[in-house]
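Participant: Test case, fold it:
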Amino acid sequence: MSRTRFFAALAAVTLSGAVVAGGDPAAGKEKSAVCAGCHGVDGNSVVGANPRLAGQYESYLYQALTQYKNGQRNDILMANIVRDLSDQDLKDLAAWFASQDGDVLQVLSED
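Facilitator: Numbering: from 1, shown residues only. Predicted coordinates:
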């Protein structure tokens, strides 16, 4: 495979990453109530120990949620939260948080 084709294929896979999960943000918003306590209503956590989810790539969020569910990521709280969620639930949550504005400076200035 030529270098050009390799990099073109790599770019296509990378750029399509945000669409891989295929969740519904509106459904994810409804399902995200349990997440708000640690990650904020819109995914902009104000607690440094809790990751900011807003504005992250949908495919990354879906992958992380899936890894908590299958035990590849170890966090007892997250594992318990996602344990009974369906694959579509994970996709919807990923879509919701990915669709949110992840402006950290705005969150910090609200304090």
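
Participant: Residue 67: neighbouring residues, count only.
Facilitator: Counted with other C-beta atoms under 10 Å, the neighbours of residue 67 add up to 16. For the C-beta atoms, the positions are set from N, CA and C on the backbone; glycine is no exception.

Participant: Which residue lies nearest to it in three dimensions, sequence-adjacent residues excluded?
Facilitator: Leaving aside its sequence neighbours, residue 67 sits nearest to residue 73 (C-beta to C-beta, 6 or more residues apart in numbering; 4.1 Å).

Participant: how about the helices in the chain?
Facilitator: 3-15, 25-31, 33-39, 58-70, 76-82, 87-98, 104-109 (DSSP state H).

Participant: about what we covered before: and the residue nearest to residue 67, how many neighbours?
Facilitator: Counted with other C-beta under 10 Å, residue 73 comes out at 15.

Participant: Need the winner for burial among the helices of the chain.
Facilitator: With neighbours defined as mean count of other C-beta atoms under 10 Å, the helices of the chain peak in mean count at helix 87-98, which reaches a mean of 23.

Participant: phi, psi of the residue nearest to residue 67?
Facilitator: phi -110, psi 130 (degrees, to the nearest 10).

Participant: Quick one, grab the pLDDT at it.
Facilitator: Residue 73 is assigned 97 on the pLDDT scale.

Participant: try residue 109
Facilitator: So residue 109 comes in at 49 (pLDDT).

Participant: No further questions, thank you.
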